[in-house]
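J.: Predicted coordinates and the sequence they were generated for:
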Amino acid sequence: MASNDSPIPDKTSKANAGSSRVAALTARVGPRGGGRRWTGFAALFVAALLATALGLQWAVTGLLHSRKVVVVPDLTGKTLEQALDILSPLQLALSKEAVQFDENSPPGAIVRQAPPAELRVREGKIIRVTLSSGGQVVFVPDVIGVTLTEAQNRLRSGGLSLGAVSQIYSGQHPAGTVMEQTPLASAVVPPNAMVDLKLSKGLPPEGMSLMPDFVNQSITQARQWAEERKIAPEIKEEMTTVFLPGVVIRQFPAPDTAVTEKTAISFVVAFSSGTLDGTARSVRYQLPSGSGSVRVRVLLRDDLGEREVFSSVQGSGTLVDVPVSPQGAARAHIFINGVLVEEREIQ
């Protein structure tokens with residue numbers, strides 16, 4: 001006979017006990033597993049940040065080192081405009097840092113620069129300059145090409161006085177405009193100094209010949225002009241990498257000088273070695289008819305920097321043909337009376 005006190009297995013209690021152990025195990029193991037997962041995520045995130053930073057550093061370093069190394073020019077005594085003209089071809093930037101009194105420098109002249117001249121830097125470097133607030137000297141303004149009235153106004157504004165005024169015939173400058181000035185533009189002089197001017201009287205009377213400006217033009221044109229006037233010019237050659245062979249580098253006498261059959265005329269021509277490397281190109285520009293005489297200026301910009309390859313007064317309808325020898329990718333900038341009228345790539 002079975003006793004009523006014999007133990008009877010309680011399945012509900014066992015199940016509850018098992019659930020409690022699982023819950024306890026989950027409570028112990030769960031947070032550790034989640035922590036490891038978060039630790040893994042954090043490690044991946046940090047690794048991604050490091051990879052991104054290293055990639056950016058590599059890209060920036062590569063960009064910087066891909067730029068050319070150039071030598072910082074000396075800007076002391078230059079104006080901001082002159083400094084920009086010097087720095088632009090070198091791909092260097094300019095920043096005005098301060099202004100200070102300097103009695104030996106005219107107002108606006110650069111008295112200090114950083115980094116200093118002759119230092120080698122990469123393109124894109126900013127050159128910081130300090131300007132003079134004024135002293136005992138002033139700059140001579142540029143009055144070439146303006147009328148006498150405008151020249152007087154510029155001189156007066158610059159603290160200078162008008163000196164001697166003379167007039168000569170000219171095939172290069174319109175009548176009534178300034179052809180020459182003494183001292184030259186940008187010279188440093190004491191306040192109230194006098195500036196002498198030479199004005200154009202316009203074209204000469206019939207029978208009078210003036211020396212043209214043959215610089216940057218073919219010697220063939222100069223020879224033809226001389227033969228028509230029965231003049232035997234002296235021609236010398238000079239080796240240069242800037243001008244094409246056969247182009248006039250210098251001439252004597254200066255443009256607009258009255259010449260006769262007895263005038264001694266000489267030309268210095270770029271050396272014709274016959275070693276032309278196939279880089280010769282031509283910049284052509286057709287001047288419109290009826291525009292009168294204008295000054296044509298052609299600037300060439302290539303791997304050697306920016307330089308003037310042609311500057312001359314030309315009549316309306318003239319075809320300006322400028323031979324050039326660019327180095328690398330090049331562009332030509334054509335100016336008429338100081339205004340940019342065309343920019344083109346040289347193929």
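T.: Received the coordinates, thanks.
J.: Could you report the separation of the nearest residue to residue 219 once chain neighbours are set aside from residue 174?
T.: Leaving aside its chain neighbours, residue 219 sits nearest to residue 269 (4.8 Å; criterion: C-beta to C-beta, 6 or more residues apart in numbering). (C-beta placed from N, C-alpha, C; glycine too.) According to C-beta to C-beta, to the nearest Å, residue 269 stands 30 Å off from residue 174.
J.: Is residue 80 in contact with residue 108, as I believe?
T.: Yes: contact criterion C-beta atoms under 8 Å: residue 80 and residue 108 qualify, at 6.9 Å.
J.: Spit out the residues that contact the two alike.
T.: The contact sets of residue 80 and residue 108 overlap at residue 131 (C-beta atoms under 8 Å, 6 or more residues apart in numbering).
J.: where in the stretch 51-200 of the chain is pLDDT low?
T.: Counting by pLDDT under 70, the stretch 51-200 of the chain has low-confidence residues at 60-65.
J.: which stretches of it form strands?
T.: Applying DSSP state E, counting those that start in this stretch to the stretch 51-200 of the chain gives strands spanning 69-71, 93-100, 110-114, 120-122, 126-132, 138-139, 161-168, 178-182, 188-189, 194-200.
J.: Report the angle between the fifth one and strand 110-114.
T.: Here the directions of strand 126-132 and strand 110-114 differ by 150 degrees (axes from the mean of the first three to the mean of the last three C-alpha atoms, to 10 degrees).
J.: Any idea how far strand 126-132 is from the middle of the chain?
T.: Computed by C-alpha atoms, centre = their mean, to the nearest Å, the chain-centroid distance of strand 126-132 equals 17 Å.
J.: Please name the residues that touch residue 83.
T.: Here residue 83 is in contact with 75, 94, 110, 127, 129 (C-beta under 8 Å, 6+ apart).
J.: quick check, nearest of the residues you listed to residue 103?
T.: Within the contacts of residue 83, distances to residue 103 taken as C-beta to C-beta reach their minimum at residue 110, with 15.5 Å.
J.: Was I right to think that closest one contacts residue 84?
T.: No: using C-beta under 8 Å, residue 110 is not in contact with residue 84, being 11.2 Å away.
J.: Mind checking which of those two has more residues around it?
T.: Ranked by neighbour count (other C-beta atoms under 10 Å), residue 110 and residue 84 place residue 110 first, with 22 against 14.
J.: what about the nearest residue to residue 132 once chain neighbours are set aside, neighbour count?
T.: The shortest distance from residue 132 to any residue other than its chain neighbours is 3.7 Å, reached at residue 105 (C-beta to C-beta, 6+ apart). Using other C-beta under 10 Å, the number of residues around residue 105 comes to 23.
J.: Backbone dihedrals for residue 105, please?
T.: When read as degrees, to the nearest 10, the backbone of residue 105 gives phi -120, psi 140.
J.: With residue 49 instead?
T.: Dihedral angles for residue 49 - degrees, to the nearest 10 - are phi -60, psi -40.
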